[in-house]
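Asks: Show me the folded form of this:
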Amino acid sequence: MSPERRTALASVAAACVLIAIKLATGLASGSLAFVAEAAHSGTDLVAALLTFFAVGYARKPADAQHLYGHLKAEHLAALAEATFLALVSLGVGTFALLRLTGVVETEVDAAWWAFLAAAVVIAIDIARTVVSYRSARRHHSAALLSNALHFGSDLVGTLAVLAGLTAARAGWPEGDSVAALFVSLLVVLASTTIAACASTDA
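Replies: Prediction:
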């Protein structure tokens, strides 16, 4: 396996771990922002999978079983996944608005373990962004550079979650919903970008 593919595969594994941490923490603490961030990591997973195929298998020429090459199926799958994640994000954003307007009332448990989870996520986000960026420069890979940009966006979203948790801890639970709205917007933007690229290449 090439160094580029190993980097891309590590990004896929990291995205899966982050989705699990964010979703579990969000559901346990009642943090809608953490749930939104899990969806955000879902867009990173789609991007990382596309990169994995783009720097390896997907670049193989057409053969008897794949008359039109190997990219089309991957990009069609990415288009479907990006659309699903955008819809999930819109649902989370709508729920956040309902919480902000008082239609739905839920409590956010901004416990120490939620902050610990955020710290772990931030550390992973920084590490994978740096690794992808360095690998992109070393191998002159546009796909890995795109990955690094996605991961940098994920870091911004996690910082928003941390701000929301801090606000909830300080006595303003609505801060979590505000953070969820911000992250939902990031997910929609990321999903739109992936869908646009997939539509162009499909």
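Asks: so which strand or helix has the most centrally placed residue in the chain?
Replies: Centre of the chain computed as the mean C-alpha position; nearest residue by Cα atoms, centre = their mean is residue 41, 2.1 Å away. Using DSSP states H and E, the element containing residue 41 is helix 32-54.
Asks: and that helix, what other elements does it pack with?
Replies: Using 3 or more Cβ pairs under 8 Å, 6 or more residues apart in numbering; DSSP states H and E as the contact test, the elements touching helix 32-54 are helix 3-29, helix 71-100, helix 112-139, helix 142-169, helix 174-201. To be clear about C-beta, it is placed using only N, CA and C from the backbone, and glycine gets the same treatment.
Asks: tell me which residues in it are buried?
Replies: 32-54 (16 or more other Cβ atoms under 10 Å).
Asks: Need the distance between the two termini of stretch 134-147.
Replies: Counting by Cα to Cα, to the nearest Å, the length from the leading to the trailing residue of stretch 134-147 is 11 Å.
Asks: what's the answer for stretch 98-105, then?
Replies: Stretch 98-105 has an end-to-end distance of 8 Å (Cα to Cα).
Asks: any idea of the mean pLDDT in it?
Replies: Stretch 98-105 shows a mean pLDDT of 87.
Asks: How far off centre is that stretch?
Replies: Centre-to-centre, stretch 98-105 and its host chain are 26 Å apart (Cα atoms, centre = their mean, to the nearest Å).
Asks: what residue ranges in the chain score low on pLDDT?
Replies: Counting by pLDDT under 70, the chain shows low-confidence ranges at 1, 4, 54-78, 143, 197-202.
Asks: shouldn't residue 110 be in contact with residue 28?
Replies: No - counting by Cβ atoms under 8 Å, residue 110 stays clear of residue 28, with 11.7 Å between them.
Asks: okay, these two: which has more neighbours?
Replies: residue 110 (22 against 14; other Cβ atoms under 10 Å).
Asks: For residue 194, give its distance to residue 17.
Replies: Per Cβ to Cβ, to the nearest Å, residue 194 is found 20 Å from residue 17.
Asks: Residue 42 now?
Replies: Separation of residue 42 from residue 17 (Cβ to Cβ) stands at 13 Å.
Asks: and for these two, which residues touch both?
Replies: Overlap between the contact sets of residue 42 and residue 17, as judged by Cβ atoms under 8 Å, 6 or more residues apart in numbering, is nil.
Asks: Pull the distance from the helix holding residue 41 to the chain's centre.
Replies: How far helix 32-54 lies from its chain's middle: 3 Å, per Cα atoms, centre = their mean.
Asks: quick one on the thing from earlier: so residue 194 and residue 17 - more neighbours on which side?
Replies: Neighbour count, other Cβ under 10 Å: between residue 194 and residue 17, residue 194 has more, with 25 against 14.
Asks: I figured the more buried one was touching residue 44, is that so?
Replies: No - using Cβ under 8 Å as the test, residue 194 is too far from residue 44 to be in contact (9.9 Å).
Asks: ok, residue 165 touching residue 118?
Replies: Yes - when contacts are counted by Cβ under 8 Å, residue 165 is listed as touching residue 118 (6.5 Å).
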